[in-house]
Each structure stands twice: as structure tokens, then as C-alpha cells.
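1. Okay, sequence plus prediction incoming.
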Amino acid sequence: MQRDGFKTRFGILAATLGSAVGLGNIWKFPYMTGENGGASFLLVYLLSTFLVGLPIMISELVLGRTAKANAITTYYQLPKKNKNFWSLIGIGGVAAAFLILAFYTDVAGWVYAYVYKTITANILSTSPEETSKTFGSLISTPLTSLFWQWLVLGVVGLIITMGASKGIERTTKKLMPLLFLFLVIIVVRSLTLPKAKEGLLFLFSPDFSKINAQVVLLAMGLAFFKLSIGMGTMTTYGSYFRDDANIPATATKVMLADLSVSLLAGLAIFPAVFTYGYEPQAGPSLLFITIPAIFASLPGGRIFMLLFFLLASFAATGAMLSLLEVPVAYFCESKKMSRTKATLLSIAILVVLGATATLSFNVLKDVKFFNLNFFDLYDFISSNILLPVGGLLIALFAGWTWGKEKIFTTLSNYNTLNNQKIISLYYFVLKYITPILVFIILLKGLKLF
Ligand code: PFF
């Protein structure tokens, strides 16, 4: 049977960008930048993206395309020795996919709920007490928040059962252009507000006193999370790439477009935050409490708010498709399940695991590990441990074990692309810079030395 894959160039770009662009850009990036000092955080994040993110992304895509297999099989098949050790990358990846989806589908549920609420009721209010009450009642009612999470799981599961080309590629080809369009409309509106300048200064003037080892780890974790790397997602998507796709070029485009979405989301949010006198450090609730309050002060605010949450839901959906594809591809290929069965099994696991994250805002709110509830724990373990460790292993495998010759032949599509110089630069960074940086930042950030 022929293996499914992405059919067109635009489809490859849309699917891969669909994985990278997500709640990371619209929810995590703005609040983490807000909490950790604005531009100085942005700078560390940019460095992590160029020196760590991009090289790992290129590696994953090419490894996946060469093996033409799911994440676990790829890291079992490609090494000549120590197969069981390297396949831990894929195993950790499947675990990370479930952990991330457990909290991600919760937040995506809030986003879906806000799309619905914006259409059916007037939830905009200039008083943050009011908007925080609306948000509070959503997350503190167990059945309501679970309902939205299940709806999200249903939608994403349905698309995944249709396969890589008919499900993922077809959906992301429609969602990505709309997302950019909506975002640009909102940014134009925001930049024409009276205090746009303060918002821009906050994003673009650095304060280096805010930077310490933990902040650097957070920025690097965000870079991993943003580019969907370190856990076999890009490996799995790489396995659906066409043989004539230019991987270094595609990865660079995706990285730049993803960065643009994050910056645009920052440009959409911070000018408005300053204009209406809110705190830029509002944390994870920035999106759900501050944004509705801001849009309430804006003429035509309800329409802008609808566009905003619609684009957030598109972003979240594209990213969740790639997360769910990691276990589904593995169950299908290695456990010989049908796609429907593999999806149903993954969804069943997520209904249980996801509930622990969702209920950590109500029934389970006093259950804490290292002072973190389930939701924060899953987020911390995946972004700051599993993805960087996975990324480190991928960099070591691609840079030191797989072989220079394989890298050069596969990334140049068997010498049909004229990109030797780019590959040399990538290979140098991947081999000497990426692993050392990840290693040091991990140890320092986790206070292991
Ligand atoms: N990159 C997505 C975001 O920024 O929202 C999240 C994500 C997707 C993380 C896929 C990891 C992953 F494998």
C-alpha cells in the first residue's frame, strides 16, 4: 500500500507552518514576553530559534523523509547501532505529544468557547472584573470546560482520521491564509491606537537585568514548543514530504513565518494593552481576560474579537493536528491499527489525561506536584524537559552519528539542489553549537549545576 503524504508544495508549507503556528504564538508568546521583560526575552528567544530551533527542525524533517516512517520507527531504523537507545527519542516524543495535548486541548477549548460566546452573547466589557468573571466561570465549571475540550478532541480526531493529505494538508491549506488575513486586520487596527508607541517600545527595547538562567531556559523551551521540535512531530511530518521538497528552504520559511505571526500577535496585543491601561504581565489569562476588556473599548470591538478568537482557533487546530499525528502514525504503522482505531485510542487516552489538566482549575485545584497543578506540570515537563532533551538527542544523532555524507546527500536531494554552502553552515551549527547550548541551558535552567 502506498504511504500517504503531502501532495503539493503549498500543502507542505501550510501543514508544517500549521504545526508551528499555534497557541504558542497567540497565547504563550505574548504572555511570556510580557512576564519576562519584553524585548530582552525576545532577544534570547530569537537566538534560541536561530541556533537551536532551526537546525533541529531541518534535522527532524530530513530524518523523517529519509526513513519514511513514524517517529519511533525512524529513530529505530536509521541508526546502525544502539537502536533501542535512539528510539527513546520517538518514545519520549509520543509521551510529549500526549502531555502537551492534555493541556493544549484545554486552552483550545477555551478558545472555541470564546468564539461561540462572542457570536451568541455580549461578553465584552470594559471592566476586567467582568471579563475575569466570564473566564472564571468557564474554567471553574467542570462539565462546561470538559465539554469544550471534548469538542476540540472530536474536531481534531475527525480531521486526523482522513489522513495526511485529505485531512491535515487540505485543512491547513484553508486555515493558514485566513489566519494571516485576520491577524493583519487586527494589527492595523491596534497600531492606529493612541498609545501604540508604548506597546512597541515594550516589545522592542531590551532590559538585560531581567535575564537569568531560568528565563533563558524558558525562552529556549518556548523556541522548542513554537517550532514543534524535539519530540518527533517534525520527523513525522518530514516523512510526508515529497522527495523534491527543499528542506532547508522550507524550514527557514516556516521559521520566519512563525516568527512573524508571534511578532504580529505581539503588535496586535501590546499597543492595545497600553492604550487602555492594562498590565502587560497579565500571565496566561492575558488572552481571555485582558483581550475582551480591550476590545470592548474599541469601536466595532465585537467583530475584531471574533476575528481574533477565530484566528486563534485556526492556529490551535493546525498545531493539534500535528501533535495527534505523532501517536496515530505510530499506532497505525507499528501496531497495525486502522487510522480510525488509532485515532480513537489516542482520543480515549486524551479524554482521561486531558481531564486531569482541565479539572486542575476546579475539582483538582489542590493537587500539586513541586507546587504545580496538573496543567502547569504537563506544560513544564514537556516544554522545559522532554523537548530540550529530545532535541539534544536529535542534534547528537544527526550531527555525530548519522554521518556527514548522508546529511549532505539527503539535504541536497541527491545533489539536485545547489545548496552545499547552506548545508555546511547548518551542519556546523548543528554539530558544535546546538548541542552545547541546549546542554548548558538545560543544566543551568533546571539548577542541576
Ligand atoms: N508549535 C505549537 C504552538 O506554538 O502552539 C505547539 C506544538 C505543536 C508543540 C506540535 C509541539 C508540537 F509537536
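-> Good, I have the coordinates. Numbers count the residues shown, from 1 in each chain.
2. Only the C-alpha atoms, please, for stretch 368-386, written as PDB.
-> Taking Å, rounded to 0.1, in the frame of the first residue of the first chain, the C-alpha atoms of stretch 368-386 are listed here in PDB:
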ATOM      1  CA  LYS A 368       0.100  19.900  43.300                       C
ATOM      2  CA  PHE A 369       3.500  18.400  42.500                       C
ATOM      3  CA  PHE A 370       6.500  20.700  43.000                       C
ATOM      4  CA  ASN A 371       3.900  23.400  43.600                       C
ATOM      5  CA  LEU A 372       2.500  22.900  40.100                       C
ATOM      6  CA  ASN A 373      -1.000  21.700  39.300                       C
ATOM      7  CA  PHE A 374      -1.500  19.100  36.600                       C
ATOM      8  CA  PHE A 375      -1.900  21.700  33.800                       C
ATOM      9  CA  ASP A 376       1.300  23.600  34.700                       C
ATOM     10  CA  LEU A 377       3.100  20.300  35.400                       C
ATOM     11  CA  TYR A 378       2.400  18.900  31.900                       C
ATOM     12  CA  ASP A 379       3.400  22.200  30.400                       C
ATOM     13  CA  PHE A 380       6.700  22.400  32.400                       C
ATOM     14  CA  ILE A 381       7.700  18.800  31.800                       C
ATOM     15  CA  SER A 382       7.100  18.900  28.100                       C
ATOM     16  CA  SER A 383       8.500  22.400  27.200                       C
ATOM     17  CA  ASN A 384      11.400  22.500  29.600                       C
ATOM     18  CA  ILE A 385      12.500  18.900  29.900                       C
ATOM     19  CA  LEU A 386      11.100  16.500  27.200                       C
END
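3. now what about that stretch, what contacts it?
-> Residues from elsewhere that reach stretch 368-386, judged by CB atoms under 8 Å, 6 or more residues apart in numbering: 92, 95-96, 99-100, 102-103, 106, 217-218, 221-222, 224-225, 230-231, 356-361, 364-365, 367, 442, 445-446. Any C-beta I mention is one placed from the backbone N, CA and C, and that applies to glycine too.
4. State the mean pLDDT of that stretch.
-> Per-residue pLDDT values over stretch 368-386 give a mean of 93.
5. Check the burial of N246 by counting its neighbours.
-> Using other CB atoms under 10 Å, N246 has 19 neighbouring residues.
6. Surely it and I422 touch.
-> No. Here N246 lies out of contact with I422, judged by CB atoms under 8 Å, at a distance of 9.8 Å.
7. who in this structure is up against the ligand?
-> Proximity of the chain to the ligand, by CB under 6 Å from any ligand atom, involves residues 19-20, 22-25, 100, 225-226, 228, 231, 233, 319, 322-323.
8. Not counting sequence-adjacent ones, nearest residue to the residue of the stretch 51-200 of the chain found nearest the ligand?
-> Of all residues in the stretch 51-200 of the chain, I100 sits closest to the ligand, with a separation of 5.6 Å (CB to the nearest ligand atom). With CB to CB, 6 or more residues apart in numbering as the criterion, I100 has its nearest non-adjacent residue at 4.9 Å, and that residue is S382.
9. any idea how far the one you found is from F224?
-> 9 Å (CB to CB, to the nearest Å).
10. Could you do Y112 as well?
-> Going from Y112 to F224 by CB to CB gives 26 Å.
11. Which residue of those two possesses the greater neighbour count?
-> A direct count of neighbours by other CB under 10 Å for Y112 and F224 places F224 higher, at 28 against 23.
12. Which helix or strand contains the more buried one?
-> helix 213-226 (DSSP states H and E).
13. Okay, angle between whatever helix or strand S262 lives in and helix 213-226 too, please.
-> Using DSSP H and E, S262 sits in helix 247-275. Put simply, helix 247-275 runs at 120 degrees to helix 213-226, going by axes from the mean of the first three to the mean of the last three CA atoms, to 10 degrees.
14. From the contact counts, what lies against the next helix or strand along the chain from helix 247-275?
-> Once helix 247-275 ends, the next helix or strand along the chain (criterion: DSSP H and E) is helix 291-296. Applying 3 or more CB pairs under 8 Å, 6 or more residues apart in numbering; DSSP states H and E, we find helix 291-296 packed against helix 128-140, helix 247-275, helix 301-334.
15. and the host helix or strand of M32, how far out from the chain's middle?
-> In the assignment (DSSP H and E), M32 maps to helix 29-35. Helix 29-35 sits 15 Å away from the centroid of its parent chain (CA atoms, centre = their mean, to the nearest Å).
16. pLDDT of it, averaged?
-> Helix 29-35 comes out with an average pLDDT of 86.
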